[in-house]
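Trainee: With the input below, show me the fold.
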Amino acid sequence: MIFLILLVLVLLTAAVAAVTLLGARREAVAAGGSDSDSQSFVGGVLNALFTVLLAFYIVFAWQNGDDVDKAAQQEVNALNDAYWQVSAVPAEQAASIRSLAEQYAHRVAEHEWAALGQGRGDAEADRLLVGLRAEAIALLADTEVQKSAREQVLADVRQIDEGHRERVDVATDDQSFNVVLLVGSILGAVLMIVFPLLVGLSARPANVVTMALLTLTLGFTIYLSVQLMHPLQGPFGVDPDSFRTFLEALPEGTSATE
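Mentor: Numbering: from 1, shown residues only. Now for the predicted structure:
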């Protein structure tokens with residue numbers, strides 16, 4: 001896929017260089033027949049609009065990935081706290097809570113994360129979260145220590161649920177606003193390349209090299225921008241390592257997923 005994209009960029013750059021050479025309006029440029037002041041002004045406006053749109057898009061798209069990462073960290077912190085808080089409750093109930101917490105983390109890391117990357121939720125992760133909440137509600141509170149543990153575990157489950165819902169909402173959102181900004185950025189990049197060719201360039205080697213570099217730079221920028229649309233995939237995608245780290249830190253011999 002990356003090779004194909006690089007090939008497209010190279011071919012596009014070659015095409016722009018060829019157009020610059022073959023379609024240059026040498027006579028108009030050499031004779032001063034083109035209105036360079038007006039062209040510079042229009043080019044500057046196009047450049048400013050492109051820069052503003054791209055900057056806004058990058059900020060909002062990057063924020064989506066950051067929101068997913070923060071929500072995942074909230075889930076893992078709450079999972080870890082709930083796992084150890086149940087030390088004060090009867091062993092059977094503690095084992096049930098810990099097993100569900102571990103199963104949930106494993107399900108998110110190995111299944112739900114990939115599903116969210118494709119814009120789909122995971123019913124099994126939802127089911128495990130419902131079971132975890134039910135077990136937390138059923139915890140005994142016969143002593144002050146057990147009562148405190150129950151309240152803390154319930155608070156942890158609420159945080160897990162909130163983090164999970166936020167993560168799913170961000171990952172499955174259609175990102176309509178970001179799509180508009182991205183389309184505007186792509187159009188702006190196209191205009192940045194087409195405009196100089198339309199107004200006329202001489203066939204000087206410096207102009208050909210400049211147009212080729214501009215095409216390569218804008219093409220690569222747009223490619224990276226498109227990758228930002230996917231907060232869980234691509235070079236900028238957030239990974240589920242926090243959940244895997246939680247699982248790896250559990251005491252040996254307690255795995256409920258093997």
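Trainee: buried stuff in the helix or strand hosting residue 132?
Mentor: Using DSSP states H and E, residue 132 sits in helix 123-137. Neighbour-count burial for helix 123-137 flags 125, 126, 128, 129, 131, 132, 133, 135, 136 (criterion: 16 or more other Cβ atoms under 10 Å). All C-beta spots, glycine's among them, are computed from the backbone N, C-alpha and C.
Trainee: Give the next helix or strand downstream of that helix.
Mentor: By DSSP H and E, the next helix or strand past helix 123-137 is helix 144-172.
Trainee: how about that next one: buried residues?
Mentor: Residues of helix 144-172 classed as buried by neighbour count (16+ other Cβ under 10 Å): 146, 149-150, 152-153, 156-157, 159-161, 163-164, 166-168, 170-171.
Trainee: what helices or strands is it leaning on?
Mentor: The contact analysis (3 or more Cβ pairs under 8 Å, 6 or more residues apart in numbering; DSSP states H and E) places helix 144-172 against helix 36-85, helix 113-117, helix 123-137.
Trainee: how about a cut-off of 6 Å?
Mentor: Applying 3 or more Cβ pairs under 6 Å, 6 or more residues apart in numbering; DSSP states H and E, we find helix 144-172 packed against helix 36-85, helix 123-137.
Trainee: closest to residue 194 out of the ones you listed?
Mentor: Comparison of the helices and strands packed on helix 144-172 against residue 194 by Cβ to Cβ identifies helix 36-85 as nearest, at 9.8 Å.
Trainee: which is the next helix or strand following the closest one?
Mentor: Next along the chain after helix 36-85, taking DSSP H and E as the criterion, comes helix 91-107.
Trainee: Which strands and helices lie in contact with that next one?
Mentor: Contact analysis of helix 91-107 by 3+ Cβ pairs under 6 Å, 6+ apart lists helix 36-85, helix 123-137, helix 241-248 as its packing neighbours.
Trainee: List the contacts of it.
Mentor: In this structure, residues lying in contact with helix 91-107 by Cβ atoms under 6 Å, 6 or more residues apart in numbering are 79, 82-83, 86, 124-125, 128, 131-132, 135, 139, 243, 246-247, 256-257.
Trainee: among the helices and strands of this protein, which one scores worst on average pLDDT?
Mentor: Ranking every helix and strand in the chain by mean pLDDT, DSSP states H and E puts helix 26-30 at the bottom, with a mean of 47.
Trainee: in stretch 232-251, what's buried?
Mentor: Across stretch 232-251, burial judged by 16+ other Cβ under 10 Å covers 232, 233, 238, 240, 242, 243, 244, 246, 247, 250.
Trainee: can you list those in CSV and add distance to residue 104 and pLDDT?
Mentor: Output for the buried residues of stretch 232-251, formatted as CSV (distance: Cβ to Cβ, whole Å; pLDDT from 0 to 100):
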residue, distance to residue 104, pLDDT
232, 18, 89
233, 22, 85
238, 18, 91
240, 12, 94
242, 13, 94
243, 9, 95
244, 13, 95
246, 10, 94
247, 10, 94
250, 13, 90
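Trainee: what two of the residues you listed have the greatest distance between them?
Mentor: Using Cβ to Cβ, the buried residues of stretch 232-251 span at most 27.7 Å, a distance reached by 233 and 250.
Trainee: Contact partners for residue 230?
Mentor: Listed by Cβ under 6 Å, 6+ apart, residue 230 has no contact partners.
Trainee: ok, now with 8 Å
Mentor: Shown in contact with residue 230 (Cβ atoms under 8 Å, 6 or more residues apart in numbering): 117, 237.
Trainee: on that earlier part again, what's the closest of the buried residues of helix 123-137 to residue 187?
Mentor: Checking these against residue 187 with Cβ to Cβ, the nearest one is residue 125 at 38.9 Å.
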